[in-house]
Each structure stands twice: as structure tokens, then as C-alpha cells.
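1. predicted model follows, preceded by the sequence.
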Amino acid sequence: MNKSFLKYSVLSMLTMVVFNSCKTASDTIELKSPDTDKKITFYQSKNENGIQFSVNYGKQEVLLPSILELISTELNFKGKCTILSVEKSTVNENWNSRFSELSTIPDHYNQIKIAVKLGETQLTVIARAYNEGIAFSYEIPKQQNLTQIGLSENIYYNFKEDYPVWSTPKREKAVLTAQGKYRKIPMTQLEEGAERPLLIEMGDKLKVALAEAKLVDYARLSYNKSSASKYSIVSTLDGVMGKAKQDTITGAVISEAKKDGNKVYKTLPFQSPWRVIMMGKSRGELLENNYILQNLNDPSQIADESWIKPGKVLRETTLTTQGGLAAIDFVASHNMQYVLFDAGWYGSEMDDKSNATTVTLDPKRSKGPFEIETITKYAKEKGVGIILYVNRRALEKQLDEILPLYKKWGVAGIKYGFVRVGDQDATKWLHEAVKKAAQYGMVLDIHDEYRPTGFSRTYPNLLTQEGIRGDEETVPNEHTLITMFTRMLAGAADNTVCYYSPKVKAMGSNASQLAKTICLFSPLQHLYWYDKPAASPEKLDGLWGDTKHIGNEPELEFFNNVPTTWDETKVLVDKIGELGVIARRKGTDWYIGGINGKTASNLSLDFSFLDANAVYQTTLYTDDETVKTRTHVKIEEKELTKTSNLDLALKSNNGFVMRLIKK
């Protein structure tokens, strides 16, 4: 980056992009989705605050005339507007994935590119209308002998009413969090820094989510209430450029650099990330169609994806060779695929002096011994992959060293911890780190504040990420049932499922823990987060002192059998915060998971989605206190067909799962 760009201040001459003074034969330019239900309209009004647009779903106004405002310190976008070209196109194709909630993903949209000249400055607005929603971005080409510009962006989304939204607030000390609690509030009470996607309830028959796609080298979006109209939300770009300080306890990142008015610095030409308005008649439809975010990203850049393996993960909690070998044996015998060695194996993760090229145990976590190459050799013999945790403090200094070293050791993947997010520098570094990991055959799990915007389509070695208030936070079922229809709209989330931990009773039940493997999608699915195999060392010196030995309860067969990626997904019940049921197909078999909130529910399931004339041998797992095991899970066998119905009485904070095998 040219350091001269950092010299601009908020007192510099700022110019705003204007689209509205353009003169054509019509006052509007429209783009409709293939099903004609979704429409974005660009206006030529006298309002010179920015690019003006509205969005409709059928006859219903989703967005009243709204404004995209760009602010730059180098380019003057004011002046007479001339439309240079209007280019329309249509794409109708499918693409396949081994790592998603669908194996065949439709990619069907109509697109428009509107190239304009504003005074002496050029700009292109790109919009796509999908059956799943609307997306738009902007391109700024080379011009006026400039090579780079500084830029900021505001989008004012204007609504007809004070609709309720599901928002995450700021964390204490003004640190934005992607792992906060959700609250349902009027949009006029929206807190600063609300996360993406932002779910908006626009009545019984229309649900909308504001989102972002293809965020690779830009500052991320966040949302706040706006005064642009009576009912308005504004999205702004997060973060400031430069170094950041990391809280040594929470891992939160606090920016230290001063703002200069610009949030991104880009080399011309460039295209912005996509700004997305997801739309559906129900929350379930939004979740089923969340592939729109991946569709807005580039196809896979990995020519041979055969080495990328989704699967189930056991976290090894003792950080010892004995514990590692026991974990490998357990994983190999329970149809799991990976063992994760978490923080502490190379020293204190929060100590800048810790060296991730060495095995130097943090004495607070383990007394050892921990022989990594002995462990990886044994894992290879057993067909098990090893994943190592590395904190961003070491990653940012040592990534180019550790990747070839870990490959030599026989490591299969890395869990990136406490990564920086928000500003452009952090975003760019992280996505470059994903690309570099792919070059060395490493699968990835990015933890803490990172949320996906579809980049896993382009680099599918990024199998999952956190950005979720998961089981480590002892999250009650009620909040998980909010997460299912808010955070999960963005894509995979590593919830770190517990099973024998005392946390389970505070969250819900063991059957609802089983259900999380279906309801919360993650190609890398961590199971038994606080638990260890029976053969693992009894004494634990680390920070996970409540760790329990994994038992032999019969329902653990469900964990053995459940996949982590899917061919088809259907949301059967989407009562946010109250009750959620999701059915997913792998091959010819179906898996159904249900989670119940505070209030007891009587659920009637129909199976009309099953194949006609087929019989399914079904195993049903429910909570039942009369079952004399540690977990109190009842198992029943049934036969079901497409015409079957099943009534379930779910107590408060209970759940259920089903496995349906086609006979």
C-alpha cells in the first residue's frame, strides 16, 4: 500500500458518488429475477446523496428508495452524468460440491452492468437478481492516471415500517463480536455494529436478511440504525488500518490505529464485495437458499480437491502422547476422521514469544510428553488426520515456516485461532492464509470472530469457522434456535458439540445435543468437545478440568453414523427461538434433527419429502428420564413411508434425532 494514502484525514475534501443526475429515456432501470418475483430498480432522481435503488418481492416493497454512498479522497464523482452502456446477461447453471448443505447447487440469475461517467469519473454498478434474492456491487476502473484510491462506503436501507430485526450488540469496551447473543428489537433500536446476516421480519409471508458475499480484500460490513428516513438501517465498513491489540483473556481484537476517513485502499481497477438482500417467504426458505452467498464467489481454485476431507473431530484434551494415541484409536473405531490438538502444545497461545515451529508445552495445559511425529505416524496408519491449533500471534509471524513443517510432520489441517477480523488488512491477510494453506494440503477451521461470506466455494479447504455463540458459551436451546435462522444463513459454523459435559443440562438435553449435528451445519463437526476416550489418561493438568470420559451409551451410534455434508436440505419447522426441525439427505438416507425451546411442544411430522413407494427403517432418539443411563436417551425402531405421520411430545429444552435408512 502507498503510505501517502494514510496522510488523508477526515478534513480532506470528500466527494460522493452520484448516479441520480444521469439522463436516459427512462427514469428507472429495472432488473428482475428469473422467477420475476424479486426486482431491483435504480432511479434517476434529484437526490444527489448517492446511487438510489429500491427492492421489491412481488407486489411488496422490501426497500423503499435507498442510497449507496461512496466517499473518496482521490476521485471527484460529481458532475454531468452520461450512461456509457447498459449490459444485460443471464446465467443458468449448476455446480457440484462435496462440502455443502447441497451437493448440486443451482446458480441462476439475471445480471445488469450499468457503466456511467460522472463528470470526469467512471463507475460501473453491477446487480444480480436471483430467485433467492438480490445482490449488487460496484466497479471502479482505471482513470485519471490514478493507481490507487482510498474509499469509504455507506448504504442506507430504507423501510416502510419499524420491522423487528434479530441483532447482535457490541461487546463491552466497544469491541465488535460475532459470538454475541441475539435479541429481537425494532430496527429503530438497532445497536451499532450489528453482525451479518441481519434477519428482518417483514410479516408472516416475507423474511429478509441483509448480508455480504465475497469479502476477500475489503473491510467487512456491519449495521446500525440510521436517520436517513423514519425507518432506516445503515451499513458501514468496519475497522481501521494498522496494527491491533489482542485481549489476552477473551481474544478480542481492539484496533489501535487512528481513522483517516478511508476504510479501504484499492488498486484500480477493482470490484467491491457483493451486498446481498436475501428474501424468502419463511426463515426456513432463507436457510435452504443460503447458497446464494457461495454463488457470488468464484468457482474452486483448487484443481484436485480429493485431499479435502470433511469429517468428525475429537479434541484431545490432555496434550500427551498417550492421550493422542488413545484419541486416534477412538476416532478410528467410531467412524470419525480427525483428532485436534488445541492450544498449549507450542506454549502459551497468548505469549508473543511462543514458537509454533516447536513442541514446547504450556505447563498450565500439560506436563507431557507430547511427541507430535510419533502421533502423526500412528494417525496415518489408522487413516486419521491430525489438526493443530495455532493462535494468530504465531500465524502472522510464522505461517510461511509452519506450513511446510507441518506437512513434513504429517499434519492434515490447522485451526486458526483468535484471528483478527474487521479491517481490510486483517481480511486480506486471512484469506491469503487460506490460499497458502491449500498449497500445502491443509484443511482449515478458523475460530473466534470470523464469519463466512462464501469464500469456501473458491477455497474449499476452508471447511468451517466459528463466528457463532456455541456450546463453549453454555448456550441454551432457545438461543441455538435463534442461531439456526440468523448466523447459519451465512454458512457453516463450528459449534463444538458437547455431550457428557455438565454444560449440557444448562443448555438443554442430550438428545438436543445429538440434534445439533444436523441443525448446525459444519463440514468439520467437533463432537465430545469436553470429553475424552476411556483409554485417555485419567489425571488432567490442563484448563479443561471438567472433562469426562466418553461412555458406551447406545445412542452414540448416531454420532458414528451421522455425516457432516449433505446432498439435500429441508427445513421442516422454523419457529425461531422456540422450535426448529431440519431434515438432510445423504445418498438415499435421511437424517432429521429437532431442538425445542423453553415451552413444551407437540410436534406432528409428515414425511411427504420421502421417495414414493419406498420404506425407510427408522431409528428415533428422544429424551426420556426413565432410561437408566448417564444421558437418558431412548431409542425406538420404526418403519416409515412417504404417507406416514409421527407425533412427538417434546418437553421443555428437549430434542430428538432420526435416522431413516431406505430399504
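-> Great, that's in hand. Residues are numbered from 1 along each chain as shown.
2. I figured Ile292 hits Ile277, correct?
-> No - in this structure, Ile292 is not within contact of Ile277 by CB atoms under 8 Å, at 9.9 Å. C-beta: built from backbone N, CA, C; applies to glycine.
3. ranges for the strands of the stretch 401-550 of the chain?
-> 413-417, 443-446, 462-465, 524-527, 531-532, 548-549 (DSSP state E, counting those that start in this stretch).
4. what do you get for the stretch 251-400 of the chain?
-> For the stretch 251-400 of the chain, applying DSSP E, counting those that start in this stretch gives strands covering 253-255, 264-267, 270-271, 274-280, 311-316, 338-341, 385-391.
5. so what touches the shortest one?
-> The set of residues external to strand 270-271 that reach it, using CB atoms under 8 Å, 6 or more residues apart in numbering, is 126, 137-140.
6. given that strand, what are its sheet partners and their directions?
-> Using DSSP bridges, the strands paired with strand 270-271 in its sheet are strand 133-140 (antiparallel).
7. quick check: Lys634 touching Glu625?
-> No - at 9.5 Å, Lys634 does not count as touching Glu625 under the criterion of CB under 8 Å.
8. neighbour count winner among those two?
-> Shown here are Lys634 and Glu625; by other CB atoms under 10 Å, Lys634 has more neighbours (16 against 9).
9. that one: what's it in contact with?
-> So Lys634 contacts 621-624, 626-627 (CB under 8 Å, 6+ apart).
10. from Asn224, how far out is it?
-> Per CB to CB, to the nearest Å, Lys634 is found 48 Å from Asn224.
11. repeat for Asn76
-> Taken as CB to CB, the span from Asn76 to Asn224 is 28 Å.
12. and for Asp589?
-> Asp589 sits 45 Å away from Asn224, going by CB to CB.
13. ok, Glu557 next?
-> 48 Å.
14. quick check: buried residues in the helix with the most length in the chain?
-> Scanning the chain for the helix with the most residues, using DSSP state H, yields helix 392-409. For helix 392-409, the neighbour count (16 or more other CB atoms under 10 Å) marks 392-395, 398-399, 402-403, 406, 409 as buried.
15. burial count for the spatially closest residue to Ala343 that is not a sequence neighbour?
-> Nearest non-adjacent residue to Ala343, counting by CB to CB, 6 or more residues apart in numbering: Glu349, 4.4 Å away. Neighbours of Glu349 under the rule other CB under 10 Å: 23.
16. and Leu206, by the same measure?
-> Leu206: 17 neighbours (other CB under 10 Å).
17. and it, what is it in contact with?
-> So Leu206 contacts 57, 60, 62, 279-281 (CB under 8 Å, 6+ apart).
18. restricted to buried residues, select those residues in PyMOL.
-> Typed into PyMOL, the line below selects the buried ones among the contacts of Leu206, using 16+ other CB under 10 Å:
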select buried, resi 57+62+279+280
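19. what's around Met202, how many residues?
-> 18.
20. quick one, helices of the protein?
-> 283-288, 292-295, 321-333, 372-382, 392-409, 424-439, 477-483, 503-507, 510-519, 556-561.
21. out of those helices, nearest to Lys598?
-> With CB to CB, the closest approach to Lys598 among those belongs to helix 477-483: 5.7 Å.
22. quick check: mean pLDDT of the closest one?
-> If you average the pLDDT over helix 477-483, you get 98.
23. helices or strands next to it in the packing?
-> helix 510-519, strand 589-596 (3 or more CB pairs under 8 Å, 6 or more residues apart in numbering; DSSP states H and E).
24. list the residues that contact Met624.
-> If you look again at residue 624, you'll see it is Asp, not Met. When contacts are taken as CB under 8 Å, 6+ apart, Asp624 is in contact with 632-634.
25. kindly apply the preceding question to Ile126 instead.
-> Going by CB under 8 Å, 6+ apart, Ile126 touches 111-114, 136-139, 271.
26. could you do Trp409 as well?
-> With CB under 8 Å, 6+ apart, Trp409 has these contacts: 372-373, 376.
27. distance of it from Val633?
-> Applying CB to CB to Trp409 and Val633 gives a distance of 39 Å.
28. contacting residues for the closest residue to Ser348 other than its chain neighbours?
-> Sequence neighbours aside, Asp362 is the residue nearest to Ser348 in space, at 4.9 Å (criterion: CB to CB, 6+ apart). Asp362 makes contact with 343-345, 347-349, 354, according to CB under 8 Å, 6+ apart.
29. with distance to Lys88 as new columns, can those residues be given to me in a markdown table?
-> What follows is those, written out as a markdown table (distance: CB to CB, whole Å):
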| residue | distance to Lys88 |
| --- | --- |
| Ala343 | 52 |
| Gly344 | 56 |
| Trp345 | 55 |
| Gly347 | 57 |
| Ser348 | 57 |
| Glu349 | 52 |
| Ser354 | 55 |
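30. counting neighbours, which of these comes out on top?
-> Trp345 (25 neighbours).
31. wait, isn't that one in contact with Leu388?
-> Yes - if you go by CB under 8 Å, Trp345 and Leu388 touch, sitting 6.9 Å apart.
32. any shared contact partners between the two?
-> Joint contacts of Trp345 and Leu388 (CB under 8 Å, 6+ apart) are Ile372.
33. in this structure, what spans have low per-residue confidence?
-> Along the chain, the parts satisfying pLDDT under 70 run over 1-26, 45-50, 79, 170-176, 239-260, 539-547.
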